[in-house]
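J.: Sequence first, then the predicted structure:
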Amino acid sequence: MIEPSVSNIGGLFLLEPNELAHTIVDIAADKKADDIVLLDLRNVALIADYFVLCSGQSNRQLKAIADGVSRGVKDLGQLALSVEGASDSGWVLVDFGAVVVHILSPELRQYYKLEELWHEASVVVRMQ
């Protein structure tokens, strides 16, 4: 796992977006997420710097990945801005501002094809 550096902004400690994204990839991998992809959106979108996409094989695993990412980043001093969706819907989105995490069932991942939608983004990490 990358040893993250933090910035103190107004009393809040914030990870740099690149380090936050790589930390999230490591946490998702520790939770046995499948097909983890880190996309660099900085040159193609304004909504976030990075997307982390990953899959879980069951509702329980989707929840474990989402909870693990939220807790792991919180332990480093940064909170998610929001969590959308639920594991039983097949898609959980965890928004950290500069980094947005999409945790999907394999079926919804295939249906929505986010990697194809964001095909102009650079793939930074791909773990299968």
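T.: Ah, there it is.

J.: now the host helix or strand of Arg71: mean pLDDT?
T.: Using DSSP states H and E, Arg71 sits in helix 59-75. Here helix 59-75 scores 97 as its mean pLDDT.

J.: Only the buried residues of it, if you could.
T.: In terms of neighbour count (16 or more other C-beta atoms under 10 Å), helix 59-75 has its buried residues at Gln61, Leu62, Lys63, Ala64, Ile65, Ala66, Gly68, Val69, Ser70, Gly72, Val73. For every residue, glycine as well, the C-beta is placed using N, CA and C.

J.: from these, which single one is nearest Glu19?
T.: Ranked by distance to Glu19 (C-beta to C-beta), these are led by Val73 at 10.7 Å.

J.: Contacts only, for that closest one.
T.: Shown in contact with Val73 (C-beta atoms under 8 Å, 6 or more residues apart in numbering): Leu15, Leu20, Thr23, Ile24, Ile27, Leu79, Ala80, Phe96.

J.: Check Val100 too.
T.: Val100 touches Ile47, Ala48, Tyr50, Phe51, Val52, Leu93, Val94, counting by C-beta under 8 Å, 6+ apart.

J.: now do Val37
T.: By C-beta under 8 Å, 6+ apart, the contact set of Val37 is Phe51, Val52, Leu53, Cys54, Glu115, Val123, Val125, Arg126, Met127.
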